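Chemist: the sequence isn't on hand, but the structure is:
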């Protein structure tokens, strides 16, 4: 019997540099950016990931993040590349850490990939001590800082798993990785590691000249996993896809990440801060990540987020929101007293709001824009 017209493969011919799909950012800090990836950028990442994490048909991955995020490229495409299974996590399961850990046990999930916040909730409220999670062999996390106290705890709860800190935005997939030592505490802030085999990194100044090792510069990335560009946004593409002379009249094209980093003595990269998260407070430069780290160092604080608001005098004021685990939370003045022993006066938040939970983007990161709106609205209401 001949094939019916609708059963025949479409007569579409593509090369690896043709468009494959568009991902988009959450838009939590503005309009979403539409990010165009090619067959080559997708498969280059997928092949690297399947090899780096030794994925096989026996593995069982999950889909913690939304389909439009770069996490999904790993969750679905790398799994398919290895013939592995992707266990679908429904919104109902994701809502309750206890239900999620039960599913991980029941489905024998072996590889997990998410933002640290999801792992923090699993560790604190997932009843991990009561689960048999020996099937989990590798935990990957990316997208935000993993507070040391939470990371140490979940490593103790999952002693058979390896842990990797991976770095890379939706525009570049994963471009660096750091495998934590299998034993012992690495101590201090985790590096983001060294460039993957698919990428090259450059820590440079505004003129694209490399800065000396140990000095802070902006991080640039080039490689086969980098996007083609932002769909329908030529002006932004000119800003972030920058050319650097490579000799012979040729240029290398680098993606301008907007992150500041430095090269450590062992060759690993250390993430310093987002360029757009360094703010001026009454003439002083403040790294919002450093203020968040100070809050997270307090025993009672489970999660913390810091943002700025206009102070009415032409400058900015710091505000913070925290989730605390204590049944009786400490008073704001007690928390401020603890912070004064850690931070300089100009880096202290003007106010600290206690919230039950942080609003999240589809990848699980804190939605700072929504959080700031909620906190400011509550403050205005309380002042009425």
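Modeler: On my side now, so go ahead. This is a predicted model, so every value here is computed, not measured. Numbering: from 1, shown residues only.
Chemist: tell me, how many residues neighbour residue 171?
Modeler: By other Cβ atoms under 10 Å, 27 other residues sit near residue 171. Using the backbone N, CA and C atoms, a C-beta is placed for each residue, glycine as well.
Chemist: my guess is it contacts residue 255. True?
Modeler: Yes: Residue 171 is in contact with residue 255 according to Cβ atoms under 8 Å; the separation is 5.8 Å.
Chemist: anything in contact with each of those two?
Modeler: 226-227, 240 (Cβ atoms under 8 Å, 6 or more residues apart in numbering).
Chemist: okay, and which of these map to strands?
Modeler: Applying DSSP state E to the shared contacts of residue 171 and residue 255, no entry is found in strands.
Chemist: so which of these are in helices?
Modeler: The helices in this structure, assigned by DSSP state H, contain residue 240 from these.
Chemist: check contacts around residue 309.
Modeler: Each residue near residue 309 by Cβ under 8 Å, 6+ apart is listed here: 316-317, 319, 372, 376.
Chemist: swap in 10 Å and give it another go.
Modeler: For residue 309, the contacting residues are 316-319, 350-351, 372, 375-376, 379, by Cβ atoms under 10 Å, 6 or more residues apart in numbering.
Chemist: got it, and residue 204?
Modeler: Residue 204 is in contact with 210-211, 217-220, 242, 244, 254, 256, counting by Cβ under 10 Å, 6+ apart.
Chemist: now do residue 321
Modeler: Residues counted as contacts of residue 321 (Cβ under 10 Å, 6+ apart) are 295, 303-307, 349, 351-355, 358-359, 366, 368, 371-372, 374-375, 378.
Chemist: for whichever strand or helix holds it, which strands pair with it and how are they oriented?
Modeler: When secondary structure is defined using DSSP states H and E, the element that contains residue 321 is strand 316-324. Here the strand partners of strand 316-324, with direction, are listed using DSSP bridges: strand 301-310 (antiparallel), strand 351-354 (parallel).
Chemist: most packed of the ones you listed?
Modeler: Ranked by average neighbour count under the criterion mean count of other Cβ atoms under 10 Å, those are headed by strand 301-310 at a mean of 21.
Chemist: centre of the chain to it, how far?
Modeler: In this view, strand 301-310 has its centroid 17 Å away from the chain centroid, taken as Cα atoms, centre = their mean, to the nearest Å.
Chemist: wait, doesn't residue 76 sit right on residue 66?
Modeler: No: under the criterion of Cβ atoms under 10 Å, residue 76 lies out of contact with residue 66, with a separation of 11.7 Å.
Chemist: point to the residue nearest the middle of the protein.
Modeler: Most central in the chain under Cα atoms, centre = their mean is residue 143, positioned 0.5 Å from the mean C-alpha point.
Chemist: helix, strand, or coil at that residue?
Modeler: The three-state assignment at residue 143 reads coil, by DSSP: H, G, I helix; E, B strand; the rest coil.
Chemist: correct me, but it touches residue 69?
Modeler: Yes: under the criterion of Cβ under 10 Å, residue 143 makes contact with residue 69 at 9.3 Å.
Chemist: hey, what's in contact with both of those two?
Modeler: Applying Cβ under 10 Å, 6+ apart, one finds that residue 143 and residue 69 are jointly contacted by 115, 361, 363-364.
Chemist: out of those residues, which sit inside strands?
Modeler: Among the shared contacts of residue 143 and residue 69, no member is found in strands (DSSP E).
Chemist: what helices or strands is the longest strand along the chain leaning on?
Modeler: For the chain, the strand reaching the highest residue count under DSSP E is reported as strand 250-263. In terms of contacts (3 or more Cβ pairs under 10 Å, 6 or more residues apart in numbering; DSSP states H and E), strand 250-263 is packed against strand 162-167, strand 199-204, strand 217-223, helix 234-240, strand 241-247, strand 269-274.
Chemist: mind putting those into a markdown table with distance to residue 102?
Modeler: Putting these into a markdown table (distance: least, Cβ to Cβ, whole Å) gives the following:
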| stretch | distance to residue 102 |
| --- | --- |
| strand 162-167 | 22 |
| strand 199-204 | 38 |
| strand 217-223 | 39 |
| helix 234-240 | 43 |
| strand 241-247 | 45 |
| strand 269-274 | 34 |
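Chemist: including distance to residue 122 and mean pLDDT, could those go into TSV?
Modeler: Listed next are the helices and strands packed on strand 250-263 as TSV, based on distance: least, Cβ to Cβ, whole Å; pLDDT from 0 to 100:
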stretch	distance to residue 122	mean pLDDT
strand 162-167	13	96
strand 199-204	30	97
strand 217-223	30	96
helix 234-240	34	95
strand 241-247	37	92
strand 269-274	23	87
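Chemist: bridge partners for residue 281, pull those for me.
Modeler: residue 284.
Chemist: residues contacting it?
Modeler: For residue 281, the set of contacting residues under the criterion of Cβ under 10 Å, 6+ apart consists of 291, 308, 311, 315-318, 346-348, 350.
Chemist: gap between it and residue 318?
Modeler: Distance check for residue 281 against residue 318: by Cβ to Cβ, to the nearest Å, it reads 6 Å.
Chemist: what touches both of those two?
Modeler: Shared contacts of residue 281 and residue 318, counting by Cβ under 10 Å, 6+ apart, come down to 291, 308, 311, 346-348, 350.
Chemist: now, which of the residues you listed lie within helices?
Modeler: Residues from the shared contacts of residue 281 and residue 318 lying in helices, with DSSP H as the criterion: residue 291.
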